[in-house]
Every structure is written in structure tokens, then in C-alpha cells.
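Engineer: Using only what follows, build the 3D model:
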Amino acid sequence: MKHILRSLLTIATVFVATSCDFNSSIIDADPATSSDAAPNYEMVFPQDKVNELEITLTAESWATIKADMVTKAGYDFGTKAGQTAGGNAQGGGATGGTPPTGGMGGTPPTGTGGQAGGMGGVAPGGNGASLDLITGTPVWVKSTVKFGGKEWQNVGFRLKGNSSLAQSWGAGIYKLPFKLEFDHFEDEIPAIKNQRFYGFKQVSMAPGQGDNTLIKDKIVADLFREAGIPAARTAFYKISINFGNGVKYCGVYTMDEMINDTMINDQFGEEDGNMYKPESDFVSFLQSAFEKKNNETAADYSDVQAAITALNATNRTSDPVAWRANLEKTFDVDHFLKYLAINNTIVNWDAYGAMAHNYYLYTPKKTGKVTWIPWDFNLSMISGTATGGQSGNAVSLEMTEVSTKWPLIRYLADDATYLTKYKAYVKDFNTNYFQSSRMNGIIDKQVNLISAAVAQEVAPYSYLTSYGDFTTATATLKQHIVTRNQAVTTYLNK
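Structural biologist: The predicted model follows:
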């Protein structure tokens, strides 16, 4: 009898243990949180609806953020309203550029929908000499994230950005730019080891500061990808945040896929090559200006070093054939010319040629060529006199104003072979992707998608003073595209 009881007990123990393991496997395999799940782009980046995300911070966490920002920005939340004067850039309408002032970089054009306040970045020729308004990386705090009836605990939350963050913070606008990292605290809390958000480790949330249409981050990224330039995938979200005193609706954000999370593998089909988020003007190589986003332990920067050396080689004018050949071995020139054609056509006030940031670099193993990846488009598609080469100003189609402080533009534009290719890409993009008739449909689709959510925005959780700001900015954006179509025609007919 004892043997029978002992056998039954053993069987029961095995059954219970097996059941526990099975249940644990089910939990671990939850596609909402598991690191084994492939990125679910349809769930996280839908193109036909606005997702909703609720984030909870404790009062202590918000206090930690405020104390950290006093250190990094130099002032507390809402105590420097002058950081944002006269609203934000609404999509255009100005007639001229504003030169850089105060040593902090220039601004988009002032006037109707103009924006006051400096845009941090890197000084031309400084090769990493920061002009950041926010010093260092903001602090990470724990948060709870709710989405689609599910909850993620102990998610890393931190503010992000430079000028957009400085201006929002100073003005006391709660619609702040931020990042989420779902396993950031895994060393401290093993239960969330490799926690994911439907296959994504990180996401970046752009609040549309400087863009009252609230759609530029999305439509510009889409345009780049459609025209053959890899860029992050995006989607609209309604964001609500509890800062420790109740849930507040913070309006419409654009969620951006992180370049160093899933984007490279998704669009390049590999992710083992070197990946950087630089703050460099390419005048010379400075290792500190090339922040590595992978392969950190292998201190190999030979790919970007070789590209910068080839770009600035002394045979550029004496033997242009050899110069081009050497440059093309290390840098994807054709890809950059296409990017440049698009960027100059749409007008971008916060990109290389104005500031030495807002781009990533990736060197695919299969090509060995450093490849340009654009990032952050809220200050794009704003009309004005493009006077590139100065800190904080856009680059014109002609690029004649760009100095040698921006050699990736100046030296390529000075080469007749590359200039011919550039013009062909300008023509192709303007004709096949950027015609106002096509863009009006794209704009209307996105505006209709978010309009109800935008109408719910109120101060101090919005950059809009009224819903009319949104509709006015949309009309101005459409007119900007008409103006740019005409500018391309004029340029190509010269």
C-alpha cells in the first residue's frame, strides 16, 4: 500500500511540476511581452487607426524627473515660458530665415507660424562640439504602461530631445517628448528580463512640437521609405499620462520605431554592421562624435574613419575620378544623393547642413559602405528662405550657400558627376512622390485620421492654442508643397 501511495505521490508531483512549467511557458511566450515574439508592426504601428496608450508615473518619479531637469536644463518645469514664444512653427508661411543667435543655433523662419527660441545641436566645424540646451541624457524612471487591455510593469520612461524638450519644459507644457524602454530595469527587477512590447524593446514618442499639423514626423518618414531611403516606421497614438495626480490626456503623438531596436534588421535584412547616432559634420573624424548603438565592446570605427578620410582627400579636385572611386568604396554616395534630393526638396530646418545631428549611420556587412538614415522631421516642410551652411537653417535646392563646413554636401555638389545624379533624384522625387495632387490626398488621409483626437487637446497638455491652429497649419502645409513643386521646376530649368 505504501508503494502505491508513494507512486501516486510521485506521479502527482511530476504532473504539478509539468503543469507549472507549462503555465510558465505560456506566460513567457505571451506575444505582448515575450522577447521571442517577432515585432508585430500591424499591432504597434497601424496605418489606419490611432492607438491609445496610458502611462502611469508616481508622484515620486515625476519629482525625480523635475529635479534631474533642473540640473540638466538649468530651470524647473514651467519657469521659463520664453523658451516658446508665439507658439510653434505651423508648417510655413514665413518669408525669410533667421540667423543663429546667442550661440545656440538658429531657428526656422519667423513670421506666420514662426518659432522663436534656439535649436540645439552641433556647431558647424565643431565636429561634436555640443550646443545642446539639455546637457546629458535625462534620467530613467519606472512607469506602468497600459495598452489594449494589457499592462506592462516597471517600464523605463525618460524624456528625450533637445530644443523640443527645452522649449516644452520651459513653457510648462506636459506634452513632452519621451522614450519607453520595456526592459530597462531588468537588472534590478529580474521578472521583466527581456520584456517587450509586442516584439519591440524601445519606442520613441514625438509630440509634434513645432508642427501644428502633427503629421510631419509621419508623412516625411513615409516619403523617404517610399522613395527608397530607409527610415523608421511610425504610427499615431493618443497618449494619457498620470504624473502622480490623476490621468491627463496629453494629445496626439507619433510613435517612432527605434533605429537601433528593430528598424535596421527589418529594412536592411541584417544588424551586425556598425550602427551610429553621430553628431559630426564630417570635416574630420572624432570618435566621441560617433555614438555607437551596437558593437560597443569592439572599438572599431574604421568604417566611418575611412569614409571621412576619402571624402576629405586632397585629390578631390585634382583627380575627381579616383576621388569618387575611393569615396564610393566606403560610403553609399548614391544613397546619400537621393536622401539629399528629398531633404532639400521638402525643406528641413533641423538636419545635416543646418545641424550635425538627426541622422543615424549603418554599415551593412553585405556592402561595407556607410549608409545614411534620416531621423526627426517635425521641423521639416516649413517655407522660408533656405540659407543652409549656417547653424539652424535649411539647405536650398541649389546648395550654393553651403560652405565647406558641411563637406558631405559641399564636395558632392561641387562634383559635376554627383550634381547630375542629384538633379535626377530631385526630378524623380518631385514628379513621382511629391506632386501636390498626390500629397493633398496623403495629408487629408492623415488629418482625417487624427482630427477627432486633436480636437480633444487642451492646454497645458497641447502646443495648440485652439483647433484652428491645426486646420490653418494643414492648409499652409499644402501651400508649401505647391511652392516647392514650383521651386523644383525653376531649379531644373536653369
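
Engineer: Just the C-alpha atoms of stretch 441-458, please, in CSV.
Structural biologist: Coordinates of each C-alpha in stretch 441-458 appear next as CSV, following Å, rounded to 0.1, in the frame of the first residue of the first chain:
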residue,chain,number,x,y,z
GLY,A,441,-4.5,63.0,-50.6
ILE,A,442,-1.9,61.8,-48.1
ILE,A,443,-2.3,64.9,-45.9
ASP,A,444,-6.1,64.6,-45.9
LYS,A,445,-5.9,61.0,-45.0
GLN,A,446,-3.7,61.6,-42.0
VAL,A,447,-5.6,64.7,-40.9
ASN,A,448,-8.9,62.9,-41.0
LEU,A,449,-7.4,60.0,-39.0
ILE,A,450,-6.3,62.2,-36.1
SER,A,451,-8.7,65.2,-36.2
ALA,A,452,-11.1,63.9,-33.5
ALA,A,453,-8.1,63.2,-31.2
VAL,A,454,-6.6,66.6,-31.9
ALA,A,455,-9.9,68.3,-31.1
GLN,A,456,-9.7,66.9,-27.6
GLU,A,457,-6.3,68.6,-26.8
VAL,A,458,-6.3,71.4,-24.2
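
Engineer: For that stretch, give me every contacting residue.
Structural biologist: 48-50, 175, 213-215, 218-219, 222, 236, 238, 249, 251-252, 464, 467, 470, 474, 477-478 (C-beta atoms under 8 Å, 6 or more residues apart in numbering). Using the backbone N, CA and C atoms, a C-beta is placed for each residue, glycine as well.

Engineer: Give me the buried positions along that stretch.
Structural biologist: 442, 443, 446, 447, 449, 450, 453, 454, 457 (16 or more other C-beta atoms under 10 Å).

Engineer: could you point out which element follows the host helix or strand of residue 217?
Structural biologist: Per DSSP states H and E, residue 217 falls inside helix 216-226. Using DSSP H and E, the next helix or strand after helix 216-226 towards the C-terminus is strand 234-242.

Engineer: Tell me the buried residues in the helix or strand that that next one is followed by?
Structural biologist: Next helix or strand after strand 234-242 toward the C-terminus (DSSP H and E): strand 247-257. Across strand 247-257, burial judged by 16+ other C-beta under 10 Å covers 248, 249, 250, 251, 252, 253, 254, 255, 256, 257.

Engineer: between strand 247-257 and strand 234-242, how many degrees?
Structural biologist: Orientation note: strand 247-257 sits at an angle of 150 degrees relative to strand 234-242 (axes from the mean of the first three to the mean of the last three C-alpha atoms, to 10 degrees).

Engineer: Strand 247-257: what's the following helix or strand?
Structural biologist: Counting by DSSP H and E, the next helix or strand C-terminal to strand 247-257 is helix 264-268.

Engineer: Show the average pLDDT along that next one.
Structural biologist: Regarding helix 264-268, the rounded mean pLDDT is 97.

Engineer: The buried residues of stretch 441-458 in helices, which ones?
Structural biologist: Mapping the buried residues of stretch 441-458 onto helices (DSSP state H) picks out 442, 443, 446, 447, 449, 450, 453, 454.

Engineer: returning to that earlier point: okay, the buried residues of stretch 441-458 in CSV with distance to residue 77 next?
Structural biologist: Shown next, in CSV, are the buried residues of stretch 441-458 (distance: C-beta to C-beta, whole Å):
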residue, distance to residue 77
442, 36
443, 33
446, 31
447, 31
449, 31
450, 26
453, 24
454, 24
457, 19
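
Engineer: ok, back up a step: may I ask which two of the ones in helices among the buried residues of stretch 441-458 are separated the most?
Structural biologist: Longest distance between any two of those is 18.3 Å, between 442 and 453; criterion C-beta to C-beta.

Engineer: which residues of the stretch 351-494 of the chain fall in strands?
Structural biologist: With DSSP state E, counting those that start in this stretch as the criterion, the stretch 351-494 of the chain has strands at 359-362, 371-374.

Engineer: can you redo these as CSV with mean pLDDT and distance to residue 344?
Structural biologist: Formatted as CSV, those follow (pLDDT from 0 to 100; distance: least, C-beta to C-beta, whole Å):
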stretch, mean pLDDT, distance to residue 344
strand 359-362, 98, 14
strand 371-374, 98, 12
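
Engineer: and those as a markdown table, adding mean neighbour count and distance to residue 189?
Structural biologist: Output for those, formatted as a markdown table (neighbours: other C-beta atoms under 10 Å; distance: least, C-beta to C-beta, whole Å):
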| stretch | mean neighbour count | distance to residue 189 |
| --- | --- | --- |
| strand 359-362 | 23 | 30 |
| strand 371-374 | 22 | 32 |
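
Engineer: okay if I get those as a markdown table plus distance to residue 29?
Structural biologist: Formatted as a markdown table, the strands of the stretch 351-494 of the chain follow (distance: least, C-beta to C-beta, whole Å):
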| stretch | distance to residue 29 |
| --- | --- |
| strand 359-362 | 31 |
| strand 371-374 | 32 |
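
Engineer: need the contact list for the most centrally placed residue in the chain.
Structural biologist: Geometric centre of the chain, nearest residue: residue 376, 3.6 Å, by C-alpha atoms, centre = their mean. By C-beta under 8 Å, 6+ apart, residue 376 lies in contact with 206, 217, 350, 358.

Engineer: again, 7 Å this time
Structural biologist: Under the criterion of C-beta atoms under 7 Å, 6 or more residues apart in numbering, the neighbours of residue 376 are 350, 358.
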